[in-house]
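Novice: 3D, please:
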Amino acid sequence: MHLPLSTDSIQPQWVADRLAERTGALVAPLLPYGNHSSTRRMPGTVGLSFDTLRSLLRDILFSLSDQGVWRFLIISGHAGSAHMTALREACKDLVQEREAKVLLLTDYELAQERAAGLGVPSQDGHGGALETARVMAIRPGAVREPMAVGRFISPGYRVLPDPERCFPQGMAGDPSLATEAMGQELNQHVLERLVGIMEKETVDDE
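Specialist: Take a look at the predicted model:
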């Protein structure tokens, strides 16, 4: 694999740090683990169960709420469906029990908004051109050669005991399309989108 194991941490950490510079927001320490389904048996993956992840974020949110924090923006570098659902359940607990406002998203979704305009195919995914370009721009020395093209094989309606077989090359997409300039554009797009989202939420609160 051409990308470092910390890829899903590198991207949102960069975004959070730039957001703090632009908006004055506080950045909590990054959580380097998540819940994995289709990638859980890939080398280097260390995962948390659904319930553990949900409880972990829930405890963090409630602890910060106890100290007077009432607005949260949670950015996930991992976009797995079960992972995002666990995070969302924790967020729901907070807003249902406390006076709090929570935004939850994955920065990968925001980067995807620019994919077509940059010539990146729609099937680009895990370890593909978008992620490779973004890491090139943040930590260029962390991206290695060679870069193989990866296919995602859909299981259709089947529930697989080993869903990682859907990624025969361990990734999906053509990372050779990535450039540092593309990554800079993607990262800036994600940052500007988030600044806009935060500004809108602030206005709505007034």
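
Novice: so where is this structure shaky, pLDDT-wise?
Specialist: 168-169, 203, 205-206 (pLDDT under 70).

Novice: nearest residue to the spatially most central residue of the chain in space, please, no chain neighbours.
Specialist: With distances taken as CA atoms, centre = their mean, the chain has residue 77 as the residue nearest its mean C-alpha position (1.8 Å). Nearest residue to residue 77, sequence neighbours excluded (CB to CB, 6 or more residues apart in numbering): residue 8, at 3.6 Å. From N, CA and C alone the C-beta is placed, and that goes for glycine too.

Novice: and residue 72, what does it touch?
Specialist: 61, 64, 91, 94, 100-103 (CB atoms under 8 Å, 6 or more residues apart in numbering).

Novice: can you tell me which of these end up in helices?
Specialist: 61, 64, 91, 94 (DSSP state H).

Novice: how far away is the closest residue to the last one other than its chain neighbours from residue 151?
Specialist: The spatially closest residue to residue 94, leaving aside those adjacent along the chain, is residue 61, at 4.6 Å (CB to CB, 6+ apart). Remark: distance between residue 61 and residue 151 (CB to CB, to the nearest Å) = 38 Å.

Novice: got it, and residue 91?
Specialist: For residue 91 relative to residue 151 (CB to CB), the value is 34 Å.

Novice: count the neighbours of the residue nearest to residue 127 when sequence neighbours are not counted for me.
Specialist: The spatially closest residue to residue 127, leaving aside those adjacent along the chain, is residue 171, at 2.9 Å (CB to CB, 6+ apart). Residue 171 has 26 neighbouring residues, counting by other CB atoms under 10 Å.

Novice: and the helix ranked longest in the chain, which residues are buried?
Specialist: As assigned by DSSP H, the longest helix anywhere in the chain is helix 180-205. Across helix 180-205, burial judged by 16 or more other CB atoms under 10 Å covers 182-183, 185-187, 189-191, 193-194, 198.
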